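Novice: how would this look folded up:
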Amino acid sequence: MEIYDPVAEEYAAVFDDISLRVFEWPWIRRLVEKHRPQSLLDLGCGNGYLLKALAGIAPERYALEPSSVMYSIAAGALDSEVVLRQGTAEAMPFEDASFDMVISLLSFRYMAWGRALDEIRRVLKEGGLFILVDLFAGSFHPFYVHKYLAAWAAARLLYIRNREYYQRLRRLTRSPDWRRMVGEHPKRELSEAKAAVERNFRVEDFRLLSAGLRGVTAGFLCRK
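Specialist: Purely as a prediction, here's the structure:
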């Protein structure tokens, strides 16, 4: 995924701690701790911060990253127990029924959903779990006021505690390379994602993790 290469190093520097994902990370951690997969694949692993945080929970950790620059960053950050491969979600370099769990954290919007979901299903063991967390298009809805307020409060608290993070994030999101990437991969509709996922998996849990005026973050727990 060459379009990600120009922003990879700056992105990795901004998101150097999984705890910055204040809505996404606690939900994922609870699910992994509850189900205790023997083998886990982080699909679109970025700089590897998720798998670093899951050390000791999943004995066999695997990572797949399409960006060559981000792959190099992950290779330097992840411990030797993680099996890291470069490749795409649409053509994974893994055998059938390889994993108990596959996680896609904020990488799904960059995939061709049909081929990627077919591949995720292929590499999961029977009864295996797919955790999907991503941003989707959305507009203001009065029903989600509590989510807007929670997101605003969490953002303000994080800003107070870590202003350097917000300064780095502002520089990243204002860069021409970032805006070009986001422009070529806009947020897609949540209903479209639900339909695509339900064609391939049984959805056991769905959570609206956070909501803003320009989109929502949603989580799916799916079983093959």
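Novice: Please, which helix or strand holds residue 30?
Specialist: helix 24-35 (DSSP states H and E).
Novice: how about that helix: buried residues?
Specialist: For helix 24-35, burial by neighbour count (16 or more other CB atoms under 10 Å) applies to 24-25, 27-29, 31-32, 35. For glycine as for every other residue, the C-beta is placed from the backbone atoms N, C-alpha and C.
Novice: Give me the number of neighbouring residues for the closest residue to residue 20 other than its chain neighbours.
Specialist: In this structure, residue 20 finds its nearest non-sequential neighbour in residue 165, 6.4 Å apart by CB to CB, 6 or more residues apart in numbering. Neighbour count for residue 165, taken as other CB atoms under 10 Å: 16.
Novice: Same question for residue 38.
Specialist: Other residues near residue 38 come to 11 when the count uses other CB under 10 Å.
Novice: Beyond the helix or strand bottoming out on mean pLDDT in the chain, next helix or strand please.
Specialist: When each helix and strand of the chain is scored by mean pLDDT, DSSP states H and E, helix 145-161 comes last, with a mean of 60. Going down the chain from helix 145-161, the next helix or strand is helix 163-173, by DSSP H and E.
Novice: Residues contacting that following helix, please?
Specialist: For helix 163-173, contacts defined as CB atoms under 8 Å, 6 or more residues apart in numbering pick out 7, 10-11, 13-14, 20, 158-159, 178-179.
Novice: how about that helix: buried residues?
Specialist: Within helix 163-173, the residues scored as buried using 16+ other CB under 10 Å are 165, 168-169, 172.
Novice: Take those residues and lay them out in JSON lines including distance to residue 65 and pLDDT.
Specialist: Shown next, in JSON lines, are the buried residues of helix 163-173 (distance: CB to CB, whole Å; pLDDT from 0 to 100):
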{"residue": "165", "distance to residue 65": "23", "pLDDT": "79"}
{"residue": "168", "distance to residue 65": "21", "pLDDT": "84"}
{"residue": "169", "distance to residue 65": "21", "pLDDT": "79"}
{"residue": "172", "distance to residue 65": "18", "pLDDT": "85"}
